[in-house]
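**Q** Take a look and give me a structure for this.
(chains A, B, C and D)
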Protein chains: 4
Amino acid sequence: MTMTRQPNEIRSDIAYSRPDRIVIRGKDLAQDILGQMNLGDFAYFQLTGKTATPAQSRVFNAVLITLVEHGMTPSAIAARLTYAGAPESLQAAVAAGLCGLGTVFVGTTEGSARMLYEAFEQAGDNPDLDRLAANTVADYRARKQIIPGIGHPIHKPIDPRTPRLFKIAEDNGMSGKHIALMQRIGAEAERASGKVLPINATGALGAICCEFGFPWKIVRGFGVMARAIGLVGHIMEESERPMALDIWHDVEARATAHIRD
Amino acid sequence: MTMTRQPNEIRSDIAYSRPDRIVIRGKDLAQDILGQMNLGDFAYFQLTGKTATPAQSRVFNAVLITLVEHGMTPSAIAARLTYAGAPESLQAAVAAGLCGLGTVFVGTTEGSARMLYEAFEQAGDNPDLDRLAANTVADYRARKQIIPGIGHPIHKPIDPRTPRLFKIAEDNGMSGKHIALMQRIGAEAERASGKVLPINATGALGAICCEFGFPWKIVRGFGVMARAIGLVGHIMEESERPMALDIWHDVEARATAHIRD
Amino acid sequence: MTMTRQPNEIRSDIAYSRPDRIVIRGKDLAQDILGQMNLGDFAYFQLTGKTATPAQSRVFNAVLITLVEHGMTPSAIAARLTYAGAPESLQAAVAAGLCGLGTVFVGTTEGSARMLYEAFEQAGDNPDLDRLAANTVADYRARKQIIPGIGHPIHKPIDPRTPRLFKIAEDNGMSGKHIALMQRIGAEAERASGKVLPINATGALGAICCEFGFPWKIVRGFGVMARAIGLVGHIMEESERPMALDIWHDVEARATAHIRD
Amino acid sequence: MTMTRQPNEIRSDIAYSRPDRIVIRGKDLAQDILGQMNLGDFAYFQLTGKTATPAQSRVFNAVLITLVEHGMTPSAIAARLTYAGAPESLQAAVAAGLCGLGTVFVGTTEGSARMLYEAFEQAGDNPDLDRLAANTVADYRARKQIIPGIGHPIHKPIDPRTPRLFKIAEDNGMSGKHIALMQRIGAEAERASGKVLPINATGALGAICCEFGFPWKIVRGFGVMARAIGLVGHIMEESERPMALDIWHDVEARATAHIRD
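**A** Here you go, the predicted structure:
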């Protein structure tokens, strides 16, 4: 809005094109990347500028795959309804589905990563994990806030994704202090509340993202990129076996029955 | 809108959840998928319900990776500008960036796949590829339409992605009649126009998608899912080294100089 | 993509700001607009740079109001589902709802405007409207295409919005040749098909937009701006009396019953 | 996600259709609304179910008009870039532009409304406005938070929209305690900081929304619906005098100069 400021440097280090090559994070796309990476590894490379080790590759691909598809979610239904109105804009249907990946359904991945980072920031060197977990749970309970990454409405007493993700991390040498703290927070939350509170997939994923060192602000992005794949799958099915108009007619009939009649 | 219709079956075959498992396309996510697939293979599985062979895996991962990142595109700039206004909604910034992947910038992948399918549909069995190519090019020229997948403003005389993609397809036994026709269309377009007209990446990708047998209506979706990954990379960089406000101030100053002064 | 082009002029005539004023289309927002226009008139001014006459004001406000709210449409349901996942991003929920206003549900406004303009372009001076209508209907029937703006699944034998909109146009001296042709096309379509085919609201609106002289490419935008208002109303109701999670659970249960059990 | 819950009532009171009428908030669209309301009044009716009084009409139309157009904002640029890639999806270009109306650029309207409501909630009956203002400013300063609705980078020493909006409210009998408190907060903020801190337009609008009694959660929606109108104006201009590709080329050249050369 101010008109007198000096032009700042506008700079991106991600990619550039020349007539004979496209260079991404310093690698030649055609020569050095295509045919030599899988999509998950390239996502890692796109974000970090580093080539994933085989261990990182296995863990990071598992993280992303976990987030691709969760069945007929609000996001998938919104994408299908959008596609029904604008089938010429498949991209806008995916976009509509992604818009709902906010604080309620995907934000807890971000939330658990942030919780773990902040717990370690406030602790000194060599913190006692049991005490950190106890303090963290006590803080959330005192503020009457839900602990991110803990509890699930149907996947109980355990969320089947969590032990598998933690095992993959461990098998690949990536089970460090963040996963350890998450597990203790889960146990402490069950003890303190007296309820069955499994670590859910977003809690497991948040902890693993901390082991990678990703900033918590970008963790939600993993759910967004993964779900874009899942939504294309839903739109492909919608184009072959549509349900959007039936959902519409059914919702409209039910929602207005009391005023139409 | 009609109130009297019978409720139709609302049915999806993609996924369902039970307390102890999430099942996607018939496989148990935790037991059978996580740790055993890479993200590209899972995208293939999500869309087709089939496990990619090693050859399909290499080709399909290359297809998707080609579409992830193209530098500071309009899509990437739109995502960054959106993030600057709503940093709490990373998902909406990605969505905004995806909304522009339409007929101008990604649609040609779809267009070349459609062109190739339709050429073969109209031909009989064992068509002469040279004649098919000549007819196709002649039709587009008669209608004064651009041939999808042909020509590029900067990647010439060849688009470096195209020979690499075709080589990966060939090395993996997936170089069939659609790629062969695309190559002949490219050569014929150059001959007929007298211009340098390389097969661009979207032409190569469209042809490869035909070799897989994907419906042309879903081909745009590969660009959408891939670019979602790229846009998260741009947003991550924007959060660390912002340029959106500088772009804004610069554009505003230039666009209104004639009326402000 | 090309790196060597000359910078073009980047220029907008819509608005600029100085410390003591915001100027839109040449008028001072605070002094000359606020308190002196209604929202529909300001939309007209924003688009055309002209102050609506009282007659234009009545007709244009009616055009926009017709498009605000159509009940529990796919667009409204998509917005509500999105809001449920990201209540912190009301703007993204509206955006998701707008993404579906494409060729199926709003495009026919655009389509009928385009049809009318093109019919007159191809005719000479003082065309015979009955013959134009007959030719137009015959062309669409020969191509087996639906005539835009004609027919409605529930509003028959007449769409109640159409006679009212045409009356408002007439009362304000804006019922010209485009409305006349639309009416003849409707009558001819019924005659030729033997079916009850009312001119629907989008047909009426398309014709009126032609009377204003709006380019057909922008006509869809009236539906988009109007529906944004309607969607905020749906989100406000959703925040007070939610239905999104119930829609989700119901759709999920129905869609996966055959594989869960 | 849970499968065993009872179906809840899905109910909307906004609108329904019958063959011969569309009824919105109890009024017949064709008979009782079209030709008898302007767009701003209909927005009020859509949201509240009440017909605006002439005074409410003048104030509410002014509120919405203030938010339609702010020049070449990030939102407008994002919409133009999106339109350049997908000109067939005008709706998606508007959607992309709206996605950025979040906490940075439009949220402060919401924020000032919330601040004012919460100040009165915590005060008893007949609160001393000066003390309320002093406490509010002190609280924000103690938390080192920016006071919503206060200060502007270029519109100083006063934001020209604010006195005009407050005058319109006063002239129409709608200048109550929320506006009075906002004014005192502005004065106190200047006094406490020693800086020039005008009440900006979002502060004025937030206060007026409180006078109407709108829930603060929906206040952001006024900016969203209004800006949808403005963005259609930008897209119309972009279709006639494009700048998106020039912005793209310019940004790309500048952003990658350091790695290309």
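**Q** Provide the secondary structure category for A:Gly173.
**A** Assigned with DSSP: H, G, I helix; E, B strand; the rest coil, A:Gly173 falls in the coil class.
**Q** Please name the residues that touch the residue nearest the centre of chain A.
**A** Nearest to the geometric centre of chain A sits A:Gly223, at 2.8 Å (Cα atoms, centre = their mean). Going by Cβ atoms under 8 Å, 6 or more residues apart in numbering or on different chains, A:Gly223 touches A:Leu67, A:Leu101, A:Val106, A:Thr109, B:Gln91. For every residue, glycine as well, the C-beta is placed using N, CA and C.
**Q** pLDDT score assigned to it?
**A** pLDDT, A:Gly223: 96.
**Q** what about it, which helix or strand?
**A** Assigned by DSSP states H and E, A:Gly223 belongs to helix A:216-240.
**Q** Show the subsequent helix or strand relative to that helix.
**A** Per DSSP H and E, helix A:216-240 leads on to helix A:244-260 as the next helix or strand towards the C-terminus.
**Q** Chain A: strands as residue ranges?
**A** Per DSSP state E, chain A carries strands over the ranges A:15-18, A:21-24, A:27-28.
**Q** Next, format these as CSV and append mean pLDDT and distance to A:Ala180.
**A** Converted to CSV, the strands of chain A look like this (pLDDT from 0 to 100; distance: least, Cβ to Cβ, whole Å):
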stretch, mean pLDDT, distance to A:Ala180
strand A:15-18, 94, 37
strand A:21-24, 96, 35
strand A:27-28, 97, 35
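**Q** Closest residue of the stretch 101-250 of chain A to chain C?
**A** A:Gly102 (2.3 Å; Cβ to the nearest Cβ).
**Q** With adjacent residues omitted, what lies nearest to that residue?
**A** C:Ala86 (2.3 Å; Cβ to Cβ, 6 or more residues apart in numbering or on different chains).
**Q** how many other residues sit next to the residue nearest to A:Gln183 when sequence neighbours are not counted?
**A** The shortest distance from A:Gln183 to any residue other than its chain neighbours is 6.8 Å, reached at A:Ile199 (Cβ to Cβ, 6+ apart). Look at A:Ile199: counted by other Cβ atoms under 10 Å in any protein chain shown, it has 30 neighbours.
**Q** is A:Ile199 in a bridge, and if so with what?
**A** Counting by DSSP bridges, A:Ile199 is bridged to A:Ile150.
**Q** Hmm, it is touching A:Arg184, no?
**A** No: A:Ile199 is beyond contact range of A:Arg184, at 10.3 Å (criterion: Cβ atoms under 8 Å).
**Q** What distance do you get for the residue nearest to A:Gly102 to B:Gly111?
**A** Going from C:Ala86 to B:Gly111 by Cβ to Cβ, to the nearest Å gives 34 Å.
**Q** swap in A:Ala142?
**A** As judged by Cβ to Cβ, A:Ala142 and B:Gly111 stand 59 Å apart.
**Q** quick one: which of those two has more around it?
**A** Neighbour tally, A:Ala142 and B:Gly111, criterion other Cβ under 10 Å: the higher count belongs to B:Gly111, 22 against 8.
**Q** Can you tell me the closest non-neighbouring residue to the residue nearest to the centre of chain A?
**A** Nearest to A:Gly223 is A:Val106, by Cβ to Cβ, 6+ apart, at 4.1 Å.
**Q** Local confidence estimate at the one you found?
**A** Confidence score, pLDDT, at A:Val106: 76.
**Q** My read is that it contacts A:Val224, right?
**A** Yes: when contacts are counted by Cβ under 8 Å, A:Val106 is listed as touching A:Val224 (7.4 Å).
**Q** one step back: state the number of residues packed around the residue nearest to A:Gly223.
**A** With other Cβ under 10 Å as criterion, A:Val106 counts 29.
**Q** Got phi/psi on it?
**A** phi -130, psi -20 (degrees, to the nearest 10).
**Q** contacting residues around it?
**A** A:Leu67, A:Thr202, A:Arg220, A:Gly223, A:Val224, A:Arg227, B:Gln91, C:Gly85.
**Q** Going by distance to D:Pro54, which of these wins?
**A** The closest of the contacts of A:Val106 to D:Pro54 turns out to be C:Gly85 (Cβ to Cβ; 40.1 Å).
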